[in-house]
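Chemist: Task: produce atomic coordinates for the following.
(3 chains)
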Amino acid sequence: VRGGGAEPDGQLSLDEAEAPADPAADARLAWELAGRQRELIEEFGLEPLLNEVEMPLIEVLAAMERVGVKLDAERLAEIGAGMAERIAQLQAEIYELAGREFTIGSPQQLGVLLFEELGLSRKRRGKTGYSTDARVLSQIRDEHEIIPRIEQWRELTKLKNTYLDSLPTLIDPETGRIHTTFNQVTAATGRLSSTNPNLQNIPIRSEVGRPVRSCFVAEPGHLLLSADYDQVELRVLAHVAGEDVLREIFASGEDIHTATAAEMLATDGREIGPAERSKAKMINYGIAYGLSAFGLADRLSIPREEAAAYIDRYFQRFPAVQRFIDETIERAEREGRVTTLLGRRRNIPELRSSNRQRKLLGERLAVNTVIQGTAADIIKLAMINCHRALADAGFATRLILQIHDELLFEGPETEIERAREIVVGEMKQAFDLDPPLQVEPGVGPDWLAAK
DNA sequence: GCGATCAGCAA
DNA sequence: ACACGTGCTGATCGC
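Modeler: Have a look, this model is predicted:
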């Protein structure tokens, strides 16, 4: 019996008091909804996507959730203890510099202290008051000794609260492992999501966050195998846009962001250094993630006009990308929807909005959904194929996580090299793309070492 | 206890 | 004046 109080992770609730008043009516409703859904699936030509991708994926996801992933709880606790000490020290220094105690974690109280009592430069403001987010703090870092300490305090408490303290509570006593829930139907683009816990946002970028990732480990005698698609979204873009300049960059094996920077900026005789690469990278990601000129300017901390100029420059060098975007938007406006290469469909009602900003959002969603959704289709196919190929080979290596463009496997060390060959082969062949898909594998005793 | 708000992690 | 990719989680705060 499933009560009205289903758990957020979709687990069945057996609370007698929450049992439905009329279970037969509930069952009938589900039956009737299924009939209507079948009609729509047929009308939209979605049977192949349903039958070849989403349905076969269910048992792959179920197996992944059942197997789970091992966490080194002792190591996690050690890292957490070190952090607790550092947080306490920072807190004392912050109170000392502030001249009083306050709730550091309250943006409201922090805003009063920084901008009213200490008189630091106010940057942006939110709905309710001053913004104190990471970008604001980095801009006023040199104005007061308290700022770098608050930045550190924020980073450490975030890591401790979100990962170090909560992950161990989710270890299943039966298996000693963490069992996430993958949601197949939440993300509008067709991506998966992960909850309770979310294992798709484990830190890796920052120095202090990275050790958290090394706490995800293989069982004794086993190893983790991580296999990443290299630049899958930009390859999808090159493919769907038919952009030969982009294809040539991939064929040459050059670093994509450096090469993009060279295309955009080198004609001015500009040297391509880290700053140029970083701008190009942001533009590449901007296209893949559907960022506006405003969002791009915000990320790069440059005026919007300058961001718009970079985007213009990008389109001059990659004209087929410009054509693809224009055609995708035109068609989406006519049809009210977009589809991925495998026929996944997303309605974009924003395109009919009279609000200019909302309309522009719709345009970016239309383009972004084709790219991100196609990448999601491809990796889902790869998951199904890897799962089947490993089983057919009689291997004990199991798929345990999917992180959008990465698959993580765990297997006996004796077979992991052969498993790697199978996985890389299946991932590359999952879809016939031009430029072709490329996969970067790595093996190690923990998740950090495997990358 | 709940929702709104702010903040920050990842691909 | 305002705007600002998504999904998930945690803390604070006011009701």
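Chemist: Which stretches in the stretch 301-450 of chain A count as helices?
Modeler: Secondary structure of the stretch 301-450 of chain A by DSSP state H, counting those that start in this stretch: the helices cover A:304-317, A:319-335, A:356-392, A:416-429, A:447-450.
Chemist: Deepest-packed of these, please.
Modeler: Per-stretch averages of neighbours, counted by mean count of other CB atoms under 10 Å, single out helix A:447-450 among the helices of the stretch 301-450 of chain A, with a mean of 22. The C-beta positions use only the backbone N, C-alpha and C, and glycine is treated the same way.
Chemist: packing partners for that helix?
Modeler: If you count contacts as 3 or more CB pairs under 8 Å, 6 or more residues apart in numbering; DSSP states H and E, helix A:447-450 packs onto helix A:210-213, strand A:222-229, strand A:439-444.
Chemist: how about TSV for those, with mean neighbour count, distance to DNA strand C and mean pLDDT added?
Modeler: Listed next are the helices and strands packed on helix A:447-450 as TSV, based on neighbours: other CB atoms under 10 Å; distance: least, CB to the nearest atom of the strand, whole Å; pLDDT from 0 to 100:
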stretch	mean neighbour count	distance to DNA strand C	mean pLDDT
helix A:210-213	18	13	93
strand A:222-229	23	16	96
strand A:439-444	17	21	96
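Chemist: now these in TSV, with distance to A:Val367?
Modeler: Formatted as TSV, the helices and strands packed on helix A:447-450 follow (distance: least, CB to CB, whole Å):
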stretch	distance to A:Val367
helix A:210-213	32
strand A:222-229	20
strand A:439-444	25
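Chemist: can you tell which of these is closest to A:Asp255?
Modeler: Evaluated over those, closeness to A:Asp255 peaks at strand A:439-444, with 13.3 Å, by CB to CB.
Chemist: what angle sits between that closest one and strand A:222-229?
Modeler: Taking axes from the mean of the first three to the mean of the last three CA atoms, to 10 degrees, one finds strand A:439-444 and strand A:222-229 inclined to each other by 160 degrees.
Chemist: does strand A:439-444 come close to DNA strand B?
Modeler: No: residues of strand A:439-444 contacting DNA strand B under CB under 7 Å from any atom of the strand: none, with a closest distance of 11.1 Å.
Chemist: The helices of the stretch 301-450 of chain A into CSV, with extra columns for mean pLDDT?
Modeler: Listed next are the helices of the stretch 301-450 of chain A as CSV, based on pLDDT from 0 to 100:
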stretch, mean pLDDT
helix A:304-317, 87
helix A:319-335, 93
helix A:356-392, 94
helix A:416-429, 97
helix A:447-450, 94
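Chemist: got a markdown table for these, with distance to DNA strand B too?
Modeler: Below are these laid out as a markdown table (distance: least, CB to the nearest atom of the strand, whole Å):
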| stretch | distance to DNA strand B |
| --- | --- |
| helix A:304-317 | 18 |
| helix A:319-335 | 20 |
| helix A:356-392 | 9 |
| helix A:416-429 | 13 |
| helix A:447-450 | 10 |
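Chemist: any chance of these in CSV, plus distance to A:Asn284?
Modeler: Shown next, in CSV, are those (distance: least, CB to CB, whole Å):
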stretch, distance to A:Asn284
helix A:304-317, 9
helix A:319-335, 11
helix A:356-392, 11
helix A:416-429, 21
helix A:447-450, 25
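Chemist: And those: which comes nearest DNA strand C?
Modeler: Nearest of these to DNA strand C, taken as CB to the nearest atom of the strand: helix A:356-392 at 4.7 Å.
Chemist: Name the helix or strand of chain A that has the lowest mean pLDDT.
Modeler: Within chain A, no helix or strand scores below helix A:293-300, which has a mean of 80 by mean pLDDT, DSSP states H and E.
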